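Novice: output the structure for:
(2 chains)
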Amino acid sequence: MTQAEVQISKPQAEDVIVVRPTKGWAALNLRELWQYRELIYFLTWRDIKVRYKQTILGAAWAIINPIVNMVVLQIVFGQLANMGSEGVPGPIFRFAALLPWGLFSKALSASGRSMLSNRNLITKVYFPRLSVPLASVLGGVLDFVISFVVLIGMMLYWQITPTWGLLTLPLIILFALITALGVGLWFSALNVLYRDVGYILPVLSQLLLFISPVGYSTSEVAAKWQVLYALNPMTGVIESFRWAMLGTTPSDSLPLATIVAISASVAVTLFVSGLFYFRRMERTFADVV
Amino acid sequence: MSDIAVRAVDLGKEYQIGVQQEKYRTLRDTLTATMMRPFRALRGQLPDATQSLWALRDISFEVKKGQVLGIVGHNGAGKSTLLKVLSRVTEPTTGFVELHGRVGSLLEVGTGFHPELTGRENIYLNGAILGMKRTEIDRKFDEIVAFSEVEKFIETPVKRYSSGMYLRLAFAVAAHLEPEILVVDEVLTVGDAEFQRKCLGKMGDVAQEGRTVLFVSHNMSAVLRLTQETIVLDHGRMVMRAPSAEAVDYYLSAGHAKAGERIWDEDEVPGAGAGFRPRALRIRDQRGRVLETVRSTEPVTVEFEYQLDKPVTGLRCGFYLYTMRGEPVFTSFDTDEQALFEKYTNRPAGRYVSRCTIPADTFNQGRYVLGVNASSYRIRRYFQDERALEFNVDPTGAPGMQWSEPRPGPIRPRLNWTIEQVG
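Specialist: Here you go, the predicted structure:
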């Protein structure tokens, strides 16, 4: 027995996986998730690749959707309800909000469905289940980037120069992703157990659109409801995104920092609890999905 | 370093099979159930403790590194559940498994294939799902494509593939996994004979390379060819672990396959034709056991039990035998023989069994259908059921089994060949 032989066999000997029943709250095991990062990448890539197959307009839909939404919101909130847009043109004010909103609403519907649409994988192969909702949320990032280019174009057209706040953009996008993931994790796990979620999601998404500052500014909300309003994490996401891109702040409301602080704490709570809830329910997924 | 690859200790898996799981659970159900719980507890009704099923119970075994272990059992014996636990898809309810090395599963090829993606894209996607690294797939890409024989269509969406091409590609990806422990479920039942041979060859290679293989199949000749030892499962329990020849023999003859019997209830036969009532049709093996799967190398007994409420003249009872595709194989009646025909021209009321034995070495491998008929020729038909019973024939030990090719045709007689050198 030489030294070399011992060294060769050692890593193998340590590579023992024990499968046993687990109870209660499970550890997140993010290390394992990291080991499977390529799977997350491929699942995301598949979702993106498949999304616009066999469509005539292809990725143009990523632009058409928010533009149509913008026109509708501009007519309803801008022209009919005559609501202000914090000193920037109404269309760009609403379009900017639709970027994080689109990321969120797509993440919500995609991750809600994700465990069911990947049922054949979940019941056949082992991999960290978190990769599935994670990939479905990340799949929306490409649409976000495409719309972002359109937003830049609009900013050039209306000659809006971004402020130094632009530098916080990565943080704000992370904020948006965490919000989307937090809600997505809860709903993807719940949808495995309760198919009702599939019916709740579209309604919820529509409802949230109207209680988030997408078509209007937070200033429109009565002062006494502002704290409650900020509990919707998308309030903080949208207002901070608009601030970073267009330099607007809601004029007649809580300070933006307070809004963001309230929203962010809700988002983080949702995200962390979502992670643990998902991990807890995960072990039954293959049996009930 | 131990030479154990898999060690399972007291494995058990319990499924809840109450109404709750039958339909989808809805929020309302849970809410009402939660609210009702205190009341039910007051009434002494504990939550459905009886409504569970142990798909696996007290399973303990070890597999050595480099060993190929077969797992056999009839449908519902727990094979798939065991593989799911071993491949970590689902957690056991009791006990634990130690896996010494990476586990790759070949459960149902094509898992995760997306119809809209091209062959190339699916290789990468499927590889990632099965746990391969991207660099590993890059390295093996050409080999995978060559094995699958779909080079020309590698940039075509797989939804345009024929089912054969699809399977070949899927198997090719899975076959190039290099896990220390490979779990294989029933993959060899698909594809044409040529491809099956290729798959078996690949499986053999895997074992040769010293990797551990757990092989589940209904194909007993494949089990015999590929494995040294086999586990027999029955109702979630391990009933035997033995050298494969012995285990396969036990499985085939121990009547693990139930069925093999068709019973008619009184009310099932409309207007019970003029006093004739069928009772049962059974398939029995050499030792008289009612089986769904019989061996081609043993004689098979077919028995038809019926009741005559009044005397019947000129009755003949018998069966039609068809292949699953409905091609007739032969027809036979109990009064075909002149002697019996004369003796039973008039049958008084009473209970009868008409029984016949089909000699050994008649059937080829496959599934067959028995239809029954009871009639008085050209006078009246008392009862007919064209698909009364189905049964399987296992060809282990049949002539020509040294070659894995399927033999066409429904019969596989053992013929007396002589070979003479004449020049």
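Novice: now do the phi/psi pair for B:G112.
Specialist: Main-chain torsions, B:G112, degrees, to the nearest 10: phi 90, psi 0.
Novice: dump the residue contacts of it.
Specialist: By C-beta atoms under 8 Å, 6 or more residues apart in numbering or on different chains, B:G112 lies in contact with A:120-121, A:125, B:125-126, B:129. Bear in mind the C-beta positions are built from the backbone N, C-alpha and C, glycine included.
Novice: please redo it, this time with the cut-off set to 7 Å
Specialist: Contacts for B:G112 (C-beta atoms under 7 Å, 6 or more residues apart in numbering or on different chains) come out as A:121, B:125-126, B:129.
Novice: tell me the one among these nearest to B:R277.
Specialist: For these, the residue nearest B:R277 by C-beta to C-beta is A:L121; the value is 52.1 Å.
Novice: give me the subset of the contacts of B:G112 lying in helices.
Specialist: Using DSSP state H, the subset of these located in helices is A:121, B:125-126, B:129.
Novice: ok, residue 55 - how many residues close by?
Specialist: As the question left the chain open, I've gone with chain A. By other C-beta atoms under 10 Å in any protein chain shown, the residues close to A:T55 number 10.
Novice: wrong one, I was asking about chain B
Specialist: 24.
Novice: coming back round to it: so which of the contacts of B:G112 is the most crowded?
Specialist: B:N126 (26 neighbours).
Novice: hmm, it is touching B:A172, no?
Specialist: No: using C-beta atoms under 7 Å, B:N126 is not in contact with B:A172; the gap is 9.7 Å.
Novice: returning to what we had before: take the contacts of B:G112 and write them to TSV, including distance to A:A176 and pLDDT.
Specialist: TSV is the format used below for the contacts of B:G112 (distance: C-beta to C-beta, whole Å; pLDDT from 0 to 100):
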residue	distance to A:A176	pLDDT
A:L121	27	86
B:L125	27	90
B:N126	32	88
B:I129	28	85
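Novice: make a markdown table out of these and add distance to B:T94.
Specialist: Shown next, in a markdown table, are these (distance: C-beta to C-beta, whole Å):
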| residue | distance to B:T94 |
| --- | --- |
| A:L121 | 26 |
| B:L125 | 36 |
| B:N126 | 33 |
| B:I129 | 29 |
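Novice: out of the residues you listed, which is nearest to A:G58?
Specialist: B:L125 (20.2 Å).
Novice: mind listing what's buried along stretch A:251-269?
Specialist: Going by neighbour count (16 or more other C-beta atoms under 10 Å in any protein chain shown), the buried part of stretch A:251-269 is A:253-254, A:256, A:259-260, A:262-264, A:266-267.
Novice: of those residues, closest to B:K64?
Specialist: Of the buried residues of stretch A:251-269, the one sitting nearest to B:K64 (C-beta to C-beta) turns out to be A:A267, at 51.5 Å.
Novice: residues contacting that closest one?
Specialist: A:175, A:178-179, A:182, A:233.
Novice: pretty sure it is in a helix, no?
Specialist: Yes: the assignment for A:A267 by DSSP: H, G, I helix; E, B strand; the rest coil puts it in a helix.
Novice: may I see the buried residues of stretch A:251-269 organised as a markdown table, with secondary structure added?
Specialist: Shown next, in a markdown table, are these (three-state DSSP):
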| residue | secondary structure |
| --- | --- |
| A:S253 | coil |
| A:L254 | coil |
| A:L256 | helix |
| A:I259 | helix |
| A:V260 | helix |
| A:I262 | helix |
| A:S263 | helix |
| A:A264 | helix |
| A:V266 | helix |
| A:A267 | helix |
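Novice: ok, these vs chain B, which is closest?
Specialist: A:V266 (22.7 Å; C-beta to the nearest C-beta).
Novice: what's the spacing between that closest one and A:G274?
Specialist: Relative to A:G274, A:V266 is positioned 12 Å away (C-beta to C-beta, to the nearest Å).
Novice: cool, and A:S117?
Specialist: From A:S117 to A:G274 the distance is 19 Å (C-beta to C-beta).
Novice: neighbour count: those two, which is higher?
Specialist: Legend: neighbour count by other C-beta under 10 Å for A:S117 and A:G274, higher for A:G274 (22 against 12).
Novice: check contacts around that one.
Specialist: When contacts are counted by C-beta under 7 Å, 6+ apart, A:G274 is found next to A:182, A:185-186.
Novice: so which helix or strand takes in the residue lying closest to it once chain neighbours are set aside?
Specialist: Spatial nearest neighbour of A:G274, excluding adjacent residues (C-beta to C-beta, 6 or more residues apart in numbering or on different chains): A:L185 at 3.3 Å. Per DSSP states H and E, A:L185 falls inside helix A:169-193.
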